[in-house]
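# need a 3D model of the sequence below.
(one chain, ligands or ions: 2)
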Amino acid sequence: MTRPRLALVPGEPAGVGPELCVRAAWRASDCTLVAIGDRDSLQRAADAIGLPIAFTDPDAIDVAPGTLRLIDIPHLAPAALGRPDPRNARSIIEGLLFAAAGCRQGDFDGMVTGPVHKAAINAGGVAYTGTTELLATDAGCEVVMMLANPLLRVALATTHLPLRAVPDAITAPLLERVIGILDGALRRDFRIESPRIAVLGLNPHAGEAGHLGHEELQTIEPVLAHLRDARGLMLEGPLPADTAFLPSRLANVDAVLAMYHDQGLPVLKYSGFEHAVNMTLGLPYPRVAVDHGTALELAGSGRADPSSLFAAIDQCARLGRNRMAGR
Ligand SMILES: NC(=O)c1ccc[n+]([C@@H]2O[C@H](COP(=O)([O-])OP(=O)(O)OC[C@H]3O[C@@H](n4cnc5c(N)ncnc54)[C@H](O)[C@@H]3O)[C@@H](O)[C@H]2O)c1
Ligand SMILES: N[C@H](C(=O)O)[C@H](O)COP(=O)(O)O
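Ligands and ions are numbered 1, 2, ... in the order given. Got it, this is the predicted structure:
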């Protein structure tokens, strides 16, 4: 079986990302991991959780368990566990962009990322709403955020926007692009021949025929009708969000499209936080992240669960292999 070569970016050094990468170095997987991050933070995290770690050349062929291939991107400030230092903002972003460039140039078959602390990056003078948006800008393309656990896939029409800005952002062109990217990724990356997508409304009870909001009648329904007619897409909705996630409703659905972050993600995270991952669809390479944040209060305690990072590595390897097979 082909072994994809994946970039592994730990994220915020004061959080749980580095120690989870150390744990990943001890786990057998069917891919080659190359960490892109600060060597000292990885070492400090390993010391804190009492797990040995060794580092080696990024091109090393066979490495022993507990050894990480590493491209060192040093941080300015030593990471104090649990306390992000804004001085590290630029090198954290540099690590992500270095991995992205490597993916675009074909050095990596995909990238896996640990959690980043959005406020600390902004405090460090870097305008940042999320890695999804950062990678979209870097690649010059439109993307869709989709989180998935073994039960459910939830994609988002809008991502890291203040709630107040959401209704204005939900336009017909945006929905057409998002649904097109989601449908395309389900076919190409997930090998689903005719994906069924359940699209949520924006308002309570999907607007109750215009009595509780007009976005469904004016924007969402016409887009769905157009995409069904013009492109034959299998789209349900707009559905009331409160009942759309009932198991009976999800029976034949391949993905749910939520209109905004907190409409879809609480359900996904509640139904399987440990094994969920966050994917960026539409990039020229696979990017998969953990579904959790920096969990600052757990950093160095040894209690951070590595399951989401392990699931992200396995998912990225699968996506990488699919793309390699399709080349
Ligand atoms: N992938 C990402 O980069 C990502 C994802 C979500 C949030 N964030 C960022 O992380 C920061 C903190 O966000 P938050 O506090 O809302 O979410 P969080 O996921 O860090 O924490 C939420 C809860 O889950 C627990 N938790 C998180 N990861 C865990 C793990 N691996 N094992 C066991 N328990 C775990 C935490 O202890 C906490 O109780 C914010 O800046 C946010 O923007 C980043
Ligand atoms: N929206 C994501 C979540 O809640 O899990 C998270 O903030 C990370 O998103 P990026 O990968 O875009 O940073």
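# for ligand 2, what are the nearby residues on the chain?
Residues of the chain lying close to ligand 2 by C-beta under 6 Å from any ligand atom are 116, 130, 131, 132, 261, 265, 278, 289, 291. In this view, the C-beta of every residue, glycine as well, is placed from N, C-alpha and C.
# show the buried residues in the residues you listed.
116, 130, 131, 132, 261, 265, 278, 289, 291 (16 or more other C-beta atoms under 10 Å).
# so which of those sit within helices?
Among these, the members falling in helices (DSSP state H) are 131, 132, 261, 265.
# now the residue positioned nearest the centre of the chain: closest residue in space, sequence neighbours ignored.
Nearest to the geometric centre of the chain sits residue 278, at 2.8 Å (C-alpha atoms, centre = their mean). Distance criterion C-beta to C-beta, 6 or more residues apart in numbering; nearest residue to residue 278, sequence neighbours excluded, is residue 289 at 4.3 Å.
# and that neighbour, bridged to which residues?
Beta bridges link residue 289 to residue 113, residue 278, judged by DSSP bridges.
# just checking, it touches residue 131?
Yes: between residue 289 and residue 131 there is a contact at 6.6 Å, judged by C-beta atoms under 8 Å.
# identify the contacts common to those two.
113, 280 (C-beta atoms under 8 Å, 6 or more residues apart in numbering).
# touching the lengthiest helix in the chain from outside, list them.
Longest helix in the chain, counting residues (DSSP H): helix 307-326. Contact partners of helix 307-326, identified using C-beta under 8 Å, 6+ apart, comprise 1-2, 4, 6, 8, 20-21, 23-24, 27, 29-31, 33, 109-114, 148, 188-189, 191, 273-279, 285-292.
# 7 Å instead, please
For helix 307-326, contacts defined as C-beta atoms under 7 Å, 6 or more residues apart in numbering pick out 2, 4, 6, 20, 24, 27, 29-31, 33, 109-110, 112, 114, 189, 191, 274-277, 286, 288-292.
# with only the CA atoms kept, save it in PDB.
Extracted C-alpha coordinates of helix 307-326, given in PDB (Å, rounded to 0.1, in the frame of the first residue of the first chain):
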ATOM      1  CA  SER A 307      -7.900  10.300  19.600                       C
ATOM      2  CA  SER A 308      -8.900  13.200  17.400                       C
ATOM      3  CA  LEU A 309      -5.300  13.800  16.300                       C
ATOM      4  CA  PHE A 310      -5.000  10.100  15.500                       C
ATOM      5  CA  ALA A 311      -8.300  10.200  13.600                       C
ATOM      6  CA  ALA A 312      -7.100  13.200  11.700                       C
ATOM      7  CA  ILE A 313      -3.800  11.500  10.700                       C
ATOM      8  CA  ASP A 314      -5.700   8.400   9.500                       C
ATOM      9  CA  GLN A 315      -8.300  10.500   7.600                       C
ATOM     10  CA  CYS A 316      -5.600  12.600   6.000                       C
ATOM     11  CA  ALA A 317      -3.700   9.400   5.000                       C
ATOM     12  CA  ARG A 318      -6.900   8.000   3.400                       C
ATOM     13  CA  LEU A 319      -7.600  11.300   1.500                       C
ATOM     14  CA  GLY A 320      -3.900  11.400   0.400                       C
ATOM     15  CA  ARG A 321      -4.100   7.800  -0.900                       C
ATOM     16  CA  ASN A 322      -7.300   8.500  -2.800                       C
ATOM     17  CA  ARG A 323      -5.800  11.500  -4.500                       C
ATOM     18  CA  MET A 324      -2.600   9.500  -5.300                       C
ATOM     19  CA  ALA A 325      -4.700   6.800  -6.800                       C
ATOM     20  CA  GLY A 326      -6.700   9.300  -8.900                       C
END
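# can you pull the residues of the stretch 151-300 of the chain lying near ligand 1?
278, 289, 290, 292, 293, 294, 295, 297, 298.
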